[in-house]
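> Starting from these lines, generate the structure:
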Amino acid sequence: MNNASSLITGGATLTAASLVPAVQWASMGFPMPMPPEVQLLVAGALVTAIHAVCNVLAARAAAKAEPKAPAVQS
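Sure, this is the predicted structure:
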């Protein structure tokens, strides 16, 4: 399996900084203001979760693509 990140080799780089504006927009719906540090933590958690899902999907695809050994008959 290729150890390179699928998020980088696919031509798109997803960082927490790129999600902060979306988290800021979503946090405007909360009744109390959200500190900027919390917004950064939420964005970081989202990026980590997306990266983990991509790694799981890549591992499943690689496992399906591996040729299976023929069964040995005795």
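> Show me where the protein dips below the pLDDT cut-off.
1-12, 69-71, 74 (pLDDT under 70).
> in it, which spans are helices?
Per DSSP state H, the chain carries helices over the ranges 6-9, 16-27, 36-65.
> Go through the ones you listed and pick out the most buried.
Among the helices of the chain, helix 16-27 has the highest mean neighbour count (mean count of other C-beta atoms under 10 Å), at a mean of 14. (Each C-beta comes from the backbone N, C-alpha and C, glycine too.)
> I'd like to check the angle between it and helix 36-65, please.
120 degrees (axes from the mean of the first three to the mean of the last three C-alpha atoms, to 10 degrees).
> tell me which strands and helices helix 16-27 is in contact with?
helix 36-65 (3 or more C-beta pairs under 8 Å, 6 or more residues apart in numbering; DSSP states H and E).
> who does the helix it packs on touch, helix- and strand-wise?
When contacts are defined as 3+ C-beta pairs under 8 Å, 6+ apart, helix 36-65 sits against helix 6-9, helix 16-27.
> so which of those helices gets nearest Arg60?
Nearest of the helices and strands packed on helix 36-65 to Arg60, taken as C-beta to C-beta: helix 6-9 at 12.1 Å.
> Can I get the helices and strands packed on helix 36-65 in CSV including distance to Pro67?
Formatted as CSV, those follow (distance: least, C-beta to C-beta, whole Å):
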stretch, distance to Pro67
helix 6-9, 22
helix 16-27, 38
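> who wins for proximity to Val53 among those helices?
Closest approach to Val53 among those (C-beta to C-beta): helix 6-9, 10.3 Å.
> Make CSV from the helices of the chain and add distance to Val72 to it.
As requested, those are arranged in CSV below (distance: least, C-beta to C-beta, whole Å):
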stretch, distance to Val72
helix 6-9, 35
helix 16-27, 50
helix 36-65, 21
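> just so I know, which of the ones you listed lies nearest Gln73?
helix 36-65 (24.6 Å).
> Give me the distance between the closest one and the centre of its chain.
2 Å (C-alpha atoms, centre = their mean, to the nearest Å).
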